[in-house]
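Predicted model follows, preceded by the sequence.
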Amino acid sequence: MIKNFLKEFCTPELSGKKIGLFRVLTAIFGGLILSYLGMTLLAFLIPWEIKEAAVISIMFNTFAWASAATWIALAYTKLEALLRFLVPTLIFSFALFMLY
């Protein structure tokens, strides 16, 4: 059962015309989470006042969200899309945990 699930997750879709509901949802919500974590990390790393860094982060958040969502959506398989969301999320979360 797990082998079949993993095999289905690792195989690319037959038609390149359909992006798939899983990849769409992963791209939307994964891109949102990645952009917020990335912009929060950016606000911590910029050596300015927190108000100024927050304004810069808010301004670039939509661009970061669109970029991350596109990057996730263009994954070749479902597993790759999931990993494109999980790995940066874990890295950003760990970096924020260490800075806080």
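Done, it's in. This one's a predicted model, so the numbers in the text were calculated from it and none came from an experiment.

Flag the shaky bits of the chain, pLDDT-wise.
Scanning the chain for pLDDT under 70 picks out the ranges 15-17.

Could you rerun that using 80?
Residue ranges of the chain with pLDDT under 80: 13-19, 50.

For stretch 23-30, list the C-alpha coordinates in PDB.
C-alpha atoms of stretch 23-30 as PDB (Å, rounded to 0.1, in the frame of the first residue of the first chain):
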ATOM      1  CA  ARG A  23       0.400  20.900  -6.800                       C
ATOM      2  CA  VAL A  24      -1.900  23.800  -7.000                       C
ATOM      3  CA  LEU A  25      -2.800  23.700  -3.300                       C
ATOM      4  CA  THR A  26       0.800  23.000  -2.400                       C
ATOM      5  CA  ALA A  27       1.900  26.000  -4.500                       C
ATOM      6  CA  ILE A  28      -0.600  28.400  -3.100                       C
ATOM      7  CA  PHE A  29      -0.300  27.600   0.600                       C
ATOM      8  CA  GLY A  30       3.300  26.500   0.400                       C
END
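
Residues in contact with it: which ones?
68-70, 72-73, 75, 78, 81-82, 84-85, 89 (Cβ atoms under 8 Å, 6 or more residues apart in numbering). For every residue, glycine as well, the C-beta is placed using N, CA and C.

now do 10 Å
The contact list for stretch 23-30, computed with Cβ atoms under 10 Å, 6 or more residues apart in numbering, reads 13, 18-20, 65, 68-75, 77-78, 80-82, 84-86, 88-89.

in this protein, which spans are helices?
2-10, 21-45, 50-73, 78-99 (DSSP state H).

Would you mind putting the ones you listed into a markdown table with mean neighbour count alongside?
Output for the helices of the chain, formatted as a markdown table (neighbours: other Cβ atoms under 10 Å):
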| stretch | mean neighbour count |
| --- | --- |
| helix 2-10 | 10 |
| helix 21-45 | 18 |
| helix 50-73 | 15 |
| helix 78-99 | 15 |
